[in-house]
Structure formats: C-alpha cells, structure tokens
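Participant: Structural data only, the sequence is not supplied:
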C-alpha cells in the first residue's frame with residue numbers, strides 16, 4: 001500500500017499522554033485508513049501536552065472535534081485543560097469503557113481490547129496501514145491478548161507491554 005495517497009487526507013489525531021517515569025507521550029495522525037504519522041515526546045507536563053496537541057491539530061488542519069485523548073491516568077487532566085481553558089472540543093477515549101460489540105462474534109472485556117482486535121483485523125486484511133515506526137511496531141508486536149474462561153478477550157496491561165518493550169531497547 002502506498003503511503004502517499006494518505007498524506008493529504010489527515011483528519012484525526014490521537015494522544016496518549018505520559019505519566020511519570022519512563023513513559024512517553026505519543027501522538028498518532030490518522031485518516032481512518034492509515035496511521036500516517038506517529039510521534040513521541042518525553043513531555044509529562046499536562047499543560048505542555050495540551051498546548052502541543054492543540055497546536056498539532058491546528059497546524060495540520062485536523063478538525064478540533066476529531067482529536068482524541070486517552071483519559072486513563074494523566075490524559076484526563078490534559079483533556080480538562082483543553083476543554084475548559086481553551087474551549088477545544090477534543091474527545092475522551094476511555095479504554096476501560098464497555099465495548100460496542102458491533103459486527104463481531106467475539107466478546108471483549110473493554111473498549112481497549114475491542115479496538116486492538118479491530119486494528120489487528122484491519123491490518124491483516126490490508127485495509128489499514130501503519131507508518132513504519134520502529135517503536136510503534138515493536139510495541140504493537142509485543143502486545144498480547146488473553147481470554148477469560150467465559151471467552152471474553154482482554155489485552156494485557158500496559159505496564160507489561162512497556163516493561164518488555166523497554167527490555168528490547
């Protein structure tokens with residue numbers, strides 16, 4: 001799949017703000033068919049992350065309501081700053097929320113598991129492209145799922161993924 005056809009159609013921006021320690025803030029630019037650009041920073045200051053995210057959206061002509069922030073942990077503060085101080089209508093992504101369970105016979109334990117699974121299926125089918133980025137690909141390839149006795153699918157905790165990922169560095 002050629003990346004060039006996706007360059008002009010950016011319309012979404014997602015952010016996973018960093019917590020303390022070795023965590024990192026990640027930004028992913030997408031058009032719904034391709035994660036075209038993936039960036040990382042070591043920023044942990046909520047205000048700085050909020051300003052950086054708003055600037056990135058505006059600089060790339062991404063509609064403000066197409067900006068998503070992972071609001072587990074530090075992200076809730078980032079989203080509050082964007083919404084209250086700047087009337088920036090970014091939306092929350094809450095990985096722990098109930099999955100939609102639409103169009104699948106799988107049973108997911110939360111939104112995080114459902115989204116990882118959907119991404120996996122789209123990439124395998126050649127319907128979604130991920131920009132070549134060593135860190136992103138290492139992390140995605142190191143992400144595992146497990147099933148409970150009732151068949152419900154979950155993704156392993158982020159801490160486990162980050163621990164193994166760091167061991168590779």
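Facilitator: Thanks, I have it. Please read all numbers here as calculations on a predicted model, not as lab measurements.

Participant: so what's the backbone phi/psi at residue 37?
Facilitator: The phi/psi pair for residue 37 (degrees, to the nearest 10) reads phi -140, psi 130.

Participant: so what's it up against?
Facilitator: Taking Cβ atoms under 8 Å, 6 or more residues apart in numbering, we find residue 37 in contact with 10, 27-29, 131. Any C-beta I mention is one placed from the backbone N, CA and C, and that applies to glycine too.

Participant: Could you pull up the mean pLDDT of the helix or strand encompassing residue 26?
Facilitator: Assigned by DSSP states H and E, residue 26 falls within strand 25-30. Taken as a whole, strand 25-30 has an average pLDDT of 92.

Participant: partners of that strand in the sheet?
Facilitator: strand 12-16 (antiparallel), strand 34-41 (antiparallel) (DSSP bridges).

Participant: roughly how far is the shortest one from the heart of the chain?
Facilitator: Spelled out, it's strand 12-16. Strand 12-16 has its C-alpha centroid displaced from the chain centroid by 6 Å (Cα atoms, centre = their mean, to the nearest Å).

Participant: Can you list the neighbours in contact with that strand?
Facilitator: 25-32, 49, 53, 56-57, 60, 62, 66-70, 75, 78, 93.

Participant: buried ones in it?
Facilitator: Going by neighbour count (16 or more other Cβ atoms under 10 Å), the buried part of strand 12-16 is 12-16.

Participant: Name the nearest of the contacts of residue 37 relative to residue 109.
Facilitator: Nearest to residue 109 among the contacts of residue 37: residue 28, at 23.0 Å, using Cβ to Cβ.

Participant: if we can go back for a sec, turn the strands paired with strand 25-30 into TSV, including distance to residue 150 and mean pLDDT.
Facilitator: As requested, these are exported to TSV (distance: least, Cβ to Cβ, whole Å; pLDDT from 0 to 100):
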stretch	distance to residue 150	mean pLDDT
strand 12-16	29	93
strand 34-41	32	87
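
Participant: And those: which comes nearest residue 126?
Facilitator: In terms of Cβ to Cβ, the element of the strands paired with strand 25-30 nearest to residue 126 is strand 34-41, at 11.5 Å.

Participant: all helices in this structure, in order from the N-terminus.
Facilitator: 46-59, 75-80, 86, 111-124, 134-141, 158-168 (DSSP state H).

Participant: Go through those helices and pick out the most buried.
Facilitator: Most buried of the helices of the chain by mean neighbour count (mean count of other Cβ atoms under 10 Å) is helix 75-80; its value is a mean of 21.

Participant: and residue 97, which of the helices of the chain is closest to it?
Facilitator: Once these are compared by Cβ to Cβ, helix 111-124 is nearest, at 4.5 Å.
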